[in-house]
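J.: Sequence below, structure please.
(one chain, ligands or ions: 1)
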Amino acid sequence: MADGVRQAHSLAEAYFYLSINPCPDCATGVRDAGEGLRLPDVGGTARVEIETTCRSCNAVVRTVFELSDSSSLGGGQAAPMISRSDKPSHLIDVAQWLTLFRVTAEAAAREPNKQAARLKGVEAALCLEEALKFYDDDDNDLPPGDAFFKDESRQRLRDHPDQFSRQRLIEMRAKLPALDVMQRSAQSPRRAWWRFWRR
Ligand SMILES: [Zn+2]
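T.: Numbers count the residues shown, from 1 in each chain. Okay, here's the model as predicted:
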């Protein structure tokens, strides 16, 4: 089945979207994503189609992403990047970015290969940066209502508002190495870094 066209900043954001959102067919299954297929540009915008297969119902779903930053298609040698924009994601909400931060940081901690662990560490830090982009009011420690795209995300805010404290996120970020230092040390020609979650 085709799953429409979505706007992503980068190929990495597209893959994160597919990893955090369940299969649209059965609404629960985790999906495995294949390699992106580059489609012809439209009006100068790069497009890529990614096919996923659901681990629960085996549904095959194709999603087309329009990428506002086509430099993300450059391959494995580029430093990890999700979005160069200061604006928050249209695809992944604040709660999902925080989940991706936690899951990716845990994967980095488990990763025995140092280079791969560094890459995952950068990816985790980038997910935290994406979450912080939603906080638009310095007087409010919690993100605005439009930072939540899904009912389950809103429920998580009601159940665990402490998880969304901006002060807490900034303190977590302060414990990480500087992002540019991490990015320089993590550049690897050997591996397409955005596929880290297909294991
Ligand atoms: Zn499914």
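J.: Compute the distance between Lys87 and the ion, please.
T.: 31 Å (Cβ to the ion, to the nearest Å). C-betas here are computed from N, CA, C, even on glycine.
J.: If you count neighbours, what's buried in the helix or strand bottoming out on mean pLDDT in the chain?
T.: Using mean pLDDT, DSSP states H and E, helix 179-186 stands out as the lowest-scoring helix or strand of the chain, at a mean of 75. By neighbour count on 16 or more other Cβ atoms under 10 Å, the buried set for helix 179-186 is Leu179, Met182, Gln183, Ser185, Ala186.
J.: just stretch 152-159 next, same as before
T.: Neighbour-count burial for stretch 152-159, with 16+ other Cβ under 10 Å as criterion, is recorded at Ser153, Arg156, Leu157.
J.: Over to stretch 13-25?
T.: Glu13, Ala14, Tyr15, Phe16, Tyr17, Leu18, Ser19, Ile20, Asn21, Cys23, Pro24, Asp25.
J.: quick one: is it near the ion?
T.: Yes: using Cβ under 5 Å from the ion, stretch 13-25 comes into contact with the ion via Cys23, Asp25.
J.: how far does that stretch sit from the chain's center?
T.: How far stretch 13-25 lies from its chain's middle: 9 Å, per Cα atoms, centre = their mean, to the nearest Å.
J.: can you check stretch 112-123 too?
T.: Stretch 112-123 sits 16 Å away from the centroid of its parent chain (Cα atoms, centre = their mean).
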